[in-house]
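Peer 1: 3D, please:
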Amino acid sequence: MADADRGALAQHWLDRLAACSEPGPGVTRLPFTPEHRAALGVLTELMEQAGLTVGLDAAGTLIGRQHGPEGASVLLLGSHQDSVREGGAYDGIMGVVLPVLALMKLRQDRVQLPFAVEVLAFADEEGVRFPTALMGPRALAGTFDMAALELRDRDGITLRRAMEAFGLNPDALPGLRRDPAQVLGWVEIHLEQGPVLEAAGQAIGIVTGICGIERHMVTLTGTAAHAGTVPMHLRRDALVGAAELTLAAEALARESEGLLATVGALQVRPGVVNAVPGEVAMTIEIRAPDDALREKAGVTLSRTAHDIANRRGLGLEITRTYAQPATPCSPQVVERLSQAVATGNRAAAQFMASGATHDTSAMAGLCPVGMLFTACRDGVSHHPNENVPEAAMSSGILALERFLMQFQ
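Peer 2: Residues are numbered from 1 along each chain as shown. Next up is the predicted model:
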């Protein structure tokens, strides 16, 4: 199979999988739905063509297994099958298709690996249908909270009921926990969901870690007033304070390598054209691949918020509402992926952190983990225009082939 043919073949299967969607723009494929069932049928066909033994576990994870020598440990690869609403045709699902095609090529070349390989298609990474996510990898790692089975979707259907209607046994989830001693590691290939690789002219990037995340809810309270009768020096304008805090967050992130800070939501009261804003509720999200950097930024911005409130005569409430630690990738897996990408490639490998959360973050509770990114057009993801060039997919498949052959 020529390199160019790899990408074209991947696109063929991804086009078929994109058709497993609710009507409307892009791809909408939620877990434990008819669209999910249809995608499992296409993936089963692909896996069987690659010579894999296919099964569905109690979490709805489709598993294609290439057996190794008797008693051999297993290397895990894969990603998720679900999408956001009106999303793209590559997010998650490409990370299932590409490793299967890599194994297909190795089988055609009669390469026998000294370990077993499983490709996993997890049911729910996005958390769009139910207010939980990463059930499949968490079940394998033994970290899934069974209380989440009682969470409901917008139609009032519990996760437990949806799984049972899909033919699964939720009570069997604790039994899915894998023995870490029998798992060699986990590798996920995923589109970057950003513009860095494309801007650098690189097809493949090597992920060094997944950023930790924390979120803060901030409420600044001033005095609502008539916009035409209160002079500027007597105003207690909550929105001006919020704007200053927003710019402070941007400045801190710009001067701190690896740090990302976003004010993503603002609620202004009374929110009318002719009134000084009396209250603003806002969110600040902070991401970084290093937890110490992220936590220091959170403390700094909290102090900045208090300073702004004191100077402007505003009331302040600030609460950290969410915190998720960073997930470092295994240095050994990163090195092996680097060697695989570098083979036959004159350009230096692009190392990068992932600002988004992936199945890999939960798999880190089980085994050493690694990730590859592919370039994507214009950095667009979670959108119908999401696109990964065939050449980038070809490079990804080839890197996985070399990784598998070099992995010991």
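
Peer 1: confirm Gly185 sits in a strand?
Peer 2: Yes. Counting by DSSP: H, G, I helix; E, B strand; the rest coil, Gly185 falls inside a strand.

Peer 1: buried set for the strand or helix carrying Ala305?
Peer 2: When elements are assigned from DSSP states H and E, Ala305 belongs to helix 291-312. For helix 291-312, burial by neighbour count (16 or more other Cβ atoms under 10 Å) applies to 291, 293-298, 301-302, 304-305, 308-309, 312. Yep, even glycine has a C-beta here, placed from its N, CA and C like the rest.

Peer 1: three-state assignment of Gly64?
Peer 2: Per three-state DSSP, Gly64 ends up strand.

Peer 1: which ones are touching it?
Peer 2: Neighbour list for Gly64: 43, 47, 50, 52-54, 100, 118-119 [criterion: Cβ atoms under 8 Å, 6 or more residues apart in numbering].

Peer 1: quick one, which of those residues are buried?
Peer 2: Buried residues within the contacts of Gly64, counting neighbours by 16+ other Cβ under 10 Å: 43, 47, 50, 52, 54, 100, 118-119.

Peer 1: narrow the residues you listed to those in strands?
Peer 2: Counting by DSSP state E, the part of those found in strands is 54, 118-119.

Peer 1: what is the nearest of these to Val196?
Peer 2: Proximity of those to Val196 (Cβ to Cβ) peaks at Val119, which lies at 26.7 Å.

Peer 1: spit out the contact partners of that closest one.
Peer 2: 47, 52, 63-64, 77-78, 96, 99-100, 103.

Peer 1: that older thread, ok, of the buried residues of helix 291-312, which one's closest to His382?
Peer 2: Of those, the one sitting nearest to His382 (Cβ to Cβ) turns out to be Arg294, at 23.0 Å.

Peer 1: so the closest one sits right up against Gly258, yeah?
Peer 2: No. Counting by Cβ atoms under 8 Å, Arg294 stays clear of Gly258, with 9.1 Å between them.

Peer 1: shared neighbours, the two?
Peer 2: Common neighbours of Arg294 and Gly258 (Cβ under 8 Å, 6+ apart) are Ala288.

Peer 1: now Ala288. Its backbone dihedrals?
Peer 2: phi -160, psi 150 (degrees, to the nearest 10).

Peer 1: any idea how many residues pack against Gly264?
Peer 2: 9 (other Cβ atoms under 10 Å).

Peer 1: can you give me the helices for the chain?
Peer 2: Along the chain, the segments classed as helices by DSSP state H run 3-18, 34-49, 94-108, 135-141, 159-165, 196-200, 238-255, 291-312, 331-342, 359-363, 390-406.

Peer 1: mind checking those helices for the one nearest to Arg177?
Peer 2: Smallest distance to Arg177 across the helices of the chain (Cβ to Cβ): 6.7 Å, for helix 135-141.

Peer 1: name the residues that touch the closest one?
Peer 2: Contacts to helix 135-141, defined as Cβ under 8 Å, 6+ apart, come from residues 57-61, 80, 120, 122-125, 144-145, 148, 159, 173-174, 176-178, 359, 362-366.

Peer 1: is there a quick PyMOL command that grabs whichever of those are buried?
Peer 2: Command for PyMOL, covering only those of those found buried under the criterion 16+ other Cβ under 10 Å:
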select buried, resi 57+58+59+60+61+80+120+122+123+124+125+144+148+159+173+176+178+359+362+363+364+365+366
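
Peer 1: restricted to strands, list the contacts of helix 135-141.
Peer 2: Per DSSP E, the contacts of helix 135-141 map to strands at 80, 120, 122.

Peer 1: in JSON lines: those, plus distance to Ala249.
Peer 2: Formatted as JSON lines, these follow (distance: Cβ to Cβ, whole Å):
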{"residue": "His80", "distance to Ala249": "31"}
{"residue": "Leu120", "distance to Ala249": "37"}
{"residue": "Phe122", "distance to Ala249": "33"}
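
Peer 1: closest one of those to Thr208?
Peer 2: His80 (21.4 Å).

Peer 1: correct me, but the closest one touches Gly92?
Peer 2: Yes. Assessed by Cβ under 8 Å, His80 is found in contact with Gly92 at 3.9 Å.

Peer 1: quickly list what's touching both of the two.
Peer 2: Counting by Cβ under 8 Å, 6+ apart, the common neighbours of His80 and Gly92 are 125-126.

Peer 1: quick one, domains of this protein?
Peer 2: If you go by automatic domain parsing, the domain ranges for the chain are 3-210+326-406, 212-324.

Peer 1: okay, the ones you listed, which one's buried deepest?
Peer 2: The highest average neighbour count among these, using mean count of other Cβ atoms under 10 Å, belongs to domain 3-210+326-406 at a mean of 20.
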